[in-house]
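Give the three-dimensional model of this entry:
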Amino acid sequence: MTGCGAVTPLGPDTASLWRGLLSGECGVRARDDGYVAAPAPTPPLPHVQARTLNRSAQFAVTAAREAWADAGFGPRDLHDGVLDPARAGVTLGTVMGGIEVLLTADRIVHGRTGRPLAPRTAPKAIPSAASAHIAMDLGVRGEARTVVSACASGTEAIGQALDRIRHGHTDIAIAGGTEAIINPTVLASFAAMRALSATGSRPFDRTRDGFVLGEGAGLLILESLDHALARGARIYCEAAGWGLSADAHHVVAPRPDATGITAALTKALVDAGAVPADVAHINAHATATVAGDAAETRALLALFGPKIPVTAPKGAIGHLQGGAGGVEAVITALTLHHGLIPPTVGCTDQDGTLNLVTEKPQPLPARGNIALSNSYGFGGHNAVLALRRYP
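Predicted coordinates:
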């Protein structure tokens, strides 16, 4: 991994995300409609461009540009043939894409706004719009792919991009996740199923009562090692492996015995050529739902015991749905690179015996070279990314 980019509730870039996490900031805000959410700042794109992109795509293009520049590439390197555009790819995770475009269109069609329907409503709304716009913006011609697997989408996208490099299809991949679905209809739909917290995100806390909806994007630049070394790139860490599993249990609830989560964790370790003793840190999914956190706790304790330090970023940034895995992979890469684990915001009375990092940052243990970034979604989609310290 040679580049990081992010737009999150803690700020417009990766530096603000990392600084906010280390200082224990919280991006959760109360809304006028009675809900709480974690909004991200609107990217400062030119007006003409912003009109053609849904909000999720705006986050994605902005984060992609930052990650691309952070990796040391110029904005026109692919357009001008400095790099081979056919050897670069985009793989992006999302859940609902530009759903706010369709919700606005529905109001227009039913005569509630007095405005005409925009001619590009359909292409602006589709989930693959964000990956397509990244490809057009940077000049990527190898492939532009979109992954939709609930809240595991961003993590699965990074894993798929890793495999595309491993199998020789690309040399460079822009990968991660994006989401922008903070609106009254989506909030009401989650509230109707009693999934939302009314006050804030409290991962692993005894009083947790649901997730807080966040928005934003997190993207990484992945390269083959030969490609990165040949150009003298700065390397944050190695994308060592990943794992998938399906609970095949319930549309919203995880398996109580956590066998699906355990399977994804185990597969990620096997793919990375690692064993549980190699793990130095775990970035937990931890949405602050009662059943979800309990199942993840069970899986982590069964595989790793109570000593490995764990952090749960959703207390600070909310749950970014399809964007969560991308942002949290960025966080995990920075944790390995800087040797520092950010604290968990919102947990003051822990439910369980995980070694949860709270209150202040903690040095990454010297023992072990693997960090895991976990994502689990509605429908039983489980994805885990294994990152390795470099060198």
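
Which parts of the stretch 1-150 of the chain are strands?
3-7, 29-30, 36-38, 88-93, 143-147 (DSSP state E, counting those that start in this stretch).

In the stretch 51-200 of the chain, mark out all the helices, start to finish.
55-70, 99-109, 121-125, 129-138, 153-166, 184-192 (DSSP state H, counting those that start in this stretch).

got those as TSV, with distance to Asp205 and mean neighbour count columns?
(Glycine included, C-beta is placed from N, CA and C.) Below are those laid out as TSV (distance: least, Cβ to Cβ, whole Å; neighbours: other Cβ atoms under 10 Å):
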stretch	distance to Asp205	mean neighbour count
helix 55-70	28	27
helix 99-109	30	16
helix 121-125	37	17
helix 129-138	33	24
helix 153-166	24	26
helix 184-192	19	14
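
Out of the ones you listed, which gets nearest to Pro365?
Pro365 lies closest to helix 153-166 among the helices of the stretch 51-200 of the chain, at 23.0 Å (Cβ to Cβ).

elements contacting that closest one?
Packing partners of helix 153-166 (3 or more Cβ pairs under 8 Å, 6 or more residues apart in numbering; DSSP states H and E): strand 88-93, strand 143-147, strand 172-179, strand 216-223, strand 237-246, helix 324-338, strand 370-377, strand 381-389.

which of the residues in stretch 165-174 are buried?
The neighbour-count check on stretch 165-174 (16 or more other Cβ atoms under 10 Å) flags Ile165, Thr170, Asp171, Ile172, Ala173, Ile174 as buried.

what residues does it touch?
Residues outside stretch 165-174 that contact it (Cβ atoms under 8 Å, 6 or more residues apart in numbering): 64, 67-68, 83-84, 87-92, 134, 138, 140, 142-143, 161-162, 164, 219-224, 227.

Identify the residue spatially nearest to Cys237, adjacent ones excluded.
Leu336 (4.3 Å; Cβ to Cβ, 6 or more residues apart in numbering).

for the stretch 251-391 of the chain, what spans make up the strands?
279-283, 309-311, 340-341, 355-356, 362-363, 370-377, 381-389.

possible to save these as CSV with mean neighbour count and distance to Thr52?
CSV is the format used below for the strands of the stretch 251-391 of the chain (neighbours: other Cβ atoms under 10 Å; distance: least, Cβ to Cβ, whole Å):
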stretch, mean neighbour count, distance to Thr52
strand 279-283, 25, 34
strand 309-311, 24, 37
strand 340-341, 22, 39
strand 355-356, 20, 43
strand 362-363, 13, 44
strand 370-377, 29, 29
strand 381-389, 27, 30
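
Out of those, which is closest to Thr262?
Per Cβ to Cβ, nearest to Thr262 of those: strand 381-389, 9.1 Å.

For the closest one, which strands pair with it and how are they oriented?
Neighbouring strands of strand 381-389 in its sheet, by DSSP bridges, are strand 237-246 (antiparallel), strand 370-377 (antiparallel).

Reformat the helices and strands packed on helix 153-166 as a markdown table; add distance to Asp106 and mean pLDDT.
What follows is those, written out as a markdown table (distance: least, Cβ to Cβ, whole Å; pLDDT from 0 to 100):
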| stretch | distance to Asp106 | mean pLDDT |
| --- | --- | --- |
| strand 88-93 | 25 | 98 |
| strand 143-147 | 23 | 98 |
| strand 172-179 | 20 | 98 |
| strand 216-223 | 25 | 98 |
| strand 237-246 | 32 | 98 |
| helix 324-338 | 27 | 98 |
| strand 370-377 | 26 | 98 |
| strand 381-389 | 28 | 98 |
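
Of those, which stretch is the most buried?
Greatest average neighbour count among the helices and strands packed on helix 153-166 goes to strand 172-179 (a mean of 34), per mean count of other Cβ atoms under 10 Å.

one step back: show me the contacts for the residue nearest to Cys237.
Contacts of Leu336 (Cβ under 8 Å, 6+ apart): Tyr236, Cys237, His281, Leu364, Ala371, Leu387, Arg388, Arg389, Tyr390.

swap the cut-off to 7 Å and go again
Going by Cβ atoms under 7 Å, 6 or more residues apart in numbering, Leu336 touches Tyr236, Cys237, Ala371, Leu387, Arg389.
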